[in-house]
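Enquirer: Could you look at this predicted model? Sequence included:
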Amino acid sequence: MNTHNPGYNIVALNDFTIAMVEQHLSQQGNYCLLDWLLQQNRLAYSAYEAWRYGQIETLDTRLGIGNDELQNLIVKIEQHGKALGLVNEPHDYFKWAENNQKPLVASTTVAIHRALTQHWLRAQDVPQLDLFMDNSAVICENEIHAVLAGRQFELAQKKLQRLTALNAKHPKLGNYQDLVNYGLHMQTCTVVDAVLLANEITALEQEVLPLASETLGASARDYIAFAWRRLSQSAQTIAFDSQQIKLHCSYALMQIPDWTAALGALRQEPELFVSASLLQRLALCHERLQHHNEAMIAWCLLFECDSNAVEAACEAKVSPQLWALWEDFWDINDGGAKSFFPAFVFIKNPGLVHHLHKFPAFNTNSSKAMIDLMKIHIAGGNEIDARKALQNISPALLRLYLNGCAAK
Amino acid sequence: MSFLANLRQQNNSEQPLQLCYLLSIDQQHIAHLHLCLAELHQARPHLPGKPYFVQLQHLERPPQFLSPQDRNILQALVTADAEWFNHQSGGLPELNTWGFLQELLATGRCYSEYQPGRWQLLAQGEDCSLQLCWLINERGEQFLDWQTPQSESKVFYVSRTRFCKPLLYNTRDHRLGLAITELNAQAEKAISKIKPLNADAVEYFLQCHQDDWEQLTLPLPVLLSCEETSAQLIPLIVCQSVRVPSEPHGIRNEIQLHFALATEHYCTRIEGKSAPTYWDGSRLHQLQYDESEIKLRQAEIARNLAYFSARQHFGEDLPSVWYSRKEEDWQQLFGETIHHLTALGANVVIAQHFFQHYVFADSWQVEMQKGDDKGVHFSIHLSVGKLQIDLGELLAQLQTLNQQLKPAGKGKNQRFTLPDGRLLLIPAAQIKSLTEELGDLRYEAGVGFQLPKRELHRLASIHHRLPSATDWQGDLDHLHNAINLHQSPIVLDSKLSCVNAELRPYQWLGVCWMQHIKQHNINGLLADDMGLGKTLQTLAHLSFEHQQQRLTHPALIIMPTTLLQNWAREIKRFTPQLRVKIIHGVNRHQWWASLNEYDIVLSSYQLLINDLEHWQAQPLSWLILDEAQAIKNPRTRVSQAVREIACENKLCLSGTPVENHLGELWSILDFLMPGCLGSAKHFKSHFQKPVELDGNANRMAQLLERIAPFMLRRSKDQIARDLPAKTEIYQSIPLNDDQQQFYQQLKSLCWSDLQTQLDDTDAPGQQHIMVLNALLKLRQACCDPALLDAPHISSAKREYCVQMLCELVAEKRSVLVFSQFTSMLELLAEALTKENIPYLMLTGKSQHRQQLVDDFQAGKAPIFLISLKAGGTGLNLTHADTVIHYDPWWNQAAEQQATDRAHRIGQDKPVFVYKLITENTIEEKIAALQARKAVLSQHVNNQAQLSGENFAFKFEDLMSLWQEENSIV
């Protein structure tokens, strides 16, 4: 099951540390607030895309972060940038279109626009604007990166021809050509035939993605997102097939990542709660969209369906909260049955009971007994029978309940 | 096949570059392959293109110009010989050579150069059987060779093993074919080492090999009869290029001395010790000659070729081969020595494909045609013997062949291939210089170059770049005018200066330059560095005009609003005889009717747009733009407005005519001399892009040369000797409107508070501190309201200072900025960070002071921000050449000492000291009082002055400052 994208944990803004700036810097070569917000899903990629296409004027209403939080974040970035001895450079974002002369405006507030778009770089990485030293081939190559990320593949082809004329020895000419070819293919063949979809997904994952990452570096994100968007649109009409789980459009949408659209697609899928892979996608979508309660219930449902998948997710620290509960569970329940984990989660998060109406019922006895008991507890009813039922399943669970929820 | 590979195959998009295979066969009949990328013109490759170097990555993931066929071919090459990686030429694979060649030919892109510069597509021909036979050459030598079915067929090989795997190249129809031979291995071995047999050797050969060869069914040589014949001795100077792998490019150019013997019917070279022989088809002749005569001639020739490296054959006393890698030696050979050699009776023979057969132009001619409204046409020709060559066509040849110009240098020449194959040499510096000058002119074969009317001044540059003996013909008026314009201005007697100041020599030269351009009816840009006195030079020029009664109408000077008062003050100070009027403010309209009564009128850029109609109606003798970078963008309203004002003469002043890009310089010069640098589009493609994107230094030099008549720019370093060791500049800055309002409110408030406080105490010490505190607030308001927690109020001084620092950094100055307020330095630091200007800062809090000083001295940052206390004694900052006192100091001795950080012993550069003083504020009063105190300070021990602020200003002084300040409320 693919849980790779994105491999970043969502960070509470209070926990924004200098180490994160450094980490981002080492991964991307520069630190840019806009990229970080995208990575953290504080800005939906679909909104960013719409902005780059000029469909929305600014990102002001699309930032998933309050104004005060944003101001604090900007101050912290300034502090961390200075502490790391970084240099900030204004960076213009242009519309993804042939005629893209005017830079886009990220925010109507000049200071926020500047903070969102400027790049922080190590002093030695700052491009030197030396009128007499700039190399035409390097400039041309940078332009190719920009137009490939901007999905202007015909223009990219022209620029690639210019790069070839400037430096026919350039070792990556073939790489760029393949990326241009794939781009032109995406433009020509906008809808992928259902029969060919699996083949296209494999090609994208096994051939295009590694090539784009190697060749385009940070610009690969926007190039690849376009490819996934195309495949997700082609997969919209395809019903879920447990033998070919990647063909469900939620998979492609998650790779973009467009979590909202992926969640929508999953919600419409009749097989959602019987397929472990779909359940895992559901949990991830909720996780990334900061729907912590829904995410936790989805993890619990997945646990009933495929406990190994949840264990793997815990190990991969996909969800910090889930991982903490998992650790906690084994601290308290050393030697106990693994299957009690969902019940344990409910003990630790009693509020989850209020969100259960959005999900189907749990199947395992321990989960059912625990949920029943908690519902009675919340309603102020007589818990005796329910406690007995739970004790019959696991006295340890009952003890935990008594020390946890009931003690409150 | 992978998905991407499949897409690659489907890609049919147009590819402007094509990989071509160039096959060549050397004198030893060995084939070589060269790879090139050629542009397509009308579907045909433009050969020889650019070399293509085989890349490992391209074999794995090919660029568009590599087809699957190409990949197979390149793969075969690198598999056969790994040396092909990152190389563009080499041998053909020795295994399956014919199969490989068939693949090459199948691409339809395999060519051969059958004449220099002429390429022929090669095709596959038919297989052909070859037979061995003995041939007799004219010397009577017999040699074994393949007998080809047609005389045009040439046998070639891929390895150096004789007779091994021959291939055929038909030079008539340019087809390659496989040669079929019926030799068995034994026969191949027998003939592999066989050499040509002279007449004497045939008999011995037959004795040794006749039986074996007959068994192998190989042909045999025949015995020839011989007789003696007398002949004439002729030295032969053979110039040739020979393949020598150890030489650069594998070629050595050399002269070989041979001797020929000539009879009535035959002429042959003498080779070896034995007498030459001659086969007339039926009989062999042995030619007779005198050995001592050869030695005599050889010695004479060797003396003439003494500057070449020489080599003699084994056992000989005298050299017979001369060679050189130096082009200069070959030029000398063909320029001079050749005449001496022919006088000695020698015949000079140029071998085919000899690379160094040089000729020189005998003369140059320029034909100027009568000009019209658009400009003039002219053509340049050079003569080589009877051949007339159009320079325009030669330059076009350079461009077409995409040939790189040779680096210019003494004795270096640019080579052109003439239609007859000779190489014309023109000094590289000259051709480079002409290419740069003529490159952007429209050229039409038969008509010549067209020079637009606005660029006629370029004729001087063209004249300068052509040989001095060039014969100029036709209408030469424009040429003479252009030459006069480019000459240095006549230096007038400086006693003619009528300003109240002693002009420095470079300043007087500036005035003479303005006179010079005016006489030639052109306009100019004075672009001296900041602080060199552009204002003073302009005033000196205008007063000179006034004295000569040439200022018949007022001169209008446009400037930023902040400079209006400065100019007015300078005019009053230096040229009080000139009547000046500032046209500014709401009441300015009353003056329109009386402007002719003034010599100089000052106004601002901002108002120029509003008052454009008035200025258009006003006759003006001069239109002068100060800080002319204000019109750097030709699309702005101001730029357009200044172009709409009629005037007799124009002058621009700017220390930084180029702030961001060269287009700004174009805008200023186009205002001064419309069209002088061509259109904006032309300027961008011809100058701006090559200079800014490609770093073309030559184009930059060409631009500078082209604008030289219109621009005078002296940097501080250039005229350092003319400058005093220290130049102090008092820079007055008006407060912005909001800052002015803030200052006035603060002053009223402080004054009322102060009066109340003073009434409440009698202690003189306390009163002193109260006044100082109140004054401190006003001083801070002058520096920057942000110091008083009012960051929303603008600071005129900070804006001015940052702008000034940007310009100084652009001029590569090193600047010390002193302020008594560390928070002011922090504000400046913040502004500098936004401008991406590196700086260092030294305040009382700074640690590792010496490190900071060392960093500044090492040039790690151009700006050093220093606070009063930190800037105390002990710092040595001689790297700086500019000092800015952001705020006036209470204590002049301390200020002096801060300045001396830069102006210390050891400083080898002149230092500029700027004092930034806000207009009509407490700062002006402090500065004035300080000047009064300066007289007193001359009598007081310097150390005593430094001991404390109290020395400089007593309570009465401070109160008087307040009272003066309040008198202007």
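Expert: Yep, that arrived. This is a predicted model, so every value here is computed, not measured. Numbering: from 1, shown residues only, chains lettered A, B, ... in the order given.
Enquirer: how about the nearest residue to B:Tyr266 once chain neighbours are set aside, what does it touch?
Expert: Leaving aside its chain neighbours, B:Tyr266 sits nearest to B:Tyr278 (4.7 Å; criterion: C-beta to C-beta, 6 or more residues apart in numbering or on different chains). (C-beta placed from N, C-alpha, C; glycine too.) Applying C-beta atoms under 8 Å, 6 or more residues apart in numbering or on different chains, one finds that B:Tyr278 lies in contact with B:138-140, B:229, B:263, B:266, B:268, B:284-285, B:287.
Enquirer: Can you lay out those as TSV showing secondary structure?
Expert: Below are the contacts of B:Tyr278 laid out as TSV (DSSP: H, G, I helix; E, B strand; the rest coil):
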residue	secondary structure
B:Glu138	coil
B:Arg139	coil
B:Gly140	coil
B:Thr229	strand
B:Thr263	coil
B:Tyr266	coil
B:Thr268	strand
B:Leu284	strand
B:His285	strand
B:Leu287	strand
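Enquirer: Quick check, B:Gln780 in contact with B:Leu787.
Expert: Yes - with contact defined as C-beta atoms under 8 Å, B:Gln780 reaches B:Leu787; the gap is 4.0 Å.
Enquirer: which neighbours do these two share?
Expert: Shared contacts of B:Gln780 and B:Leu787 (C-beta under 8 Å, 6+ apart): B:Phe821.
Enquirer: If we ignore the residues flanking it in sequence, what's nearest the residue of the stretch 201-350 of chain A at minimum distance from chain B?
Expert: For the stretch 201-350 of chain A, the residue closest to chain B is A:Ala203, as judged by C-beta to the nearest C-beta, at 3.4 Å. Using C-beta to C-beta, 6+ apart and skipping the chain neighbours, the partner closest in space to A:Ala203 is B:Phe3 (3.4 Å).
Enquirer: Pretty sure the one you found sits against A:Asn199.
Expert: Yes - counting by C-beta under 8 Å, A:Asn199 is a contact partner of B:Phe3 at 7.2 Å.
Enquirer: Could I get the buried residue list for the helix or strand B:Gln397 falls within?
Expert: Assigned by DSSP states H and E, B:Gln397 belongs to helix B:391-400. Neighbour counts using 16 or more other C-beta atoms under 10 Å in any protein chain shown place B:391-392, B:394-395, B:398 of helix B:391-400 among the buried residues.
Enquirer: Remind me what it packs against, helices and strands.
Expert: With contacts defined as 3 or more C-beta pairs under 8 Å, 6 or more residues apart in numbering or on different chains; DSSP states H and E, the packing partners of helix B:391-400 are strand B:375-384, strand B:413-417, helix B:428-438, strand B:442-444.
Enquirer: Tell me which of those sits nearest to chain A.
Expert: Shortest distance between chain A and the helices and strands packed on helix B:391-400, using C-beta to the nearest C-beta, is found for helix B:428-438: 16.7 Å.
Enquirer: Just want the angle from that closest one to helix B:391-400.
Expert: Calculated by axes from the mean of the first three to the mean of the last three C-alpha atoms, to 10 degrees, helix B:428-438 forms an angle of 90 degrees with helix B:391-400.
Enquirer: Show me what helix B:428-438 is packed against.
Expert: helix B:391-400, strand B:413-417, helix B:458-465, helix B:697-707.
Enquirer: for the record, mean pLDDT for stretch B:88-106?
Expert: Stretch B:88-106 comes out with an average pLDDT of 92.
Enquirer: sorry, back to before: who has more neighbours, B:Phe3 and A:Asn199?
Expert: B:Phe3 (18 against 12; other C-beta atoms under 10 Å in any protein chain shown).
Enquirer: Doesn't B:Val883 lie inside a strand?
Expert: Yes - according to three-state DSSP, B:Val883 belongs to a strand.
Enquirer: my guess is it meets B:Tyr914, correct?
Expert: Yes - at 7.1 Å, B:Val883 counts as touching B:Tyr914 under the criterion of C-beta under 8 Å.
Enquirer: And these two? Which one has more around it.
Expert: B:Val883 (26 against 22).
Enquirer: Distance check, A:Ser232 against A:Ala252.
Expert: 4 Å (C-beta to C-beta, to the nearest Å).
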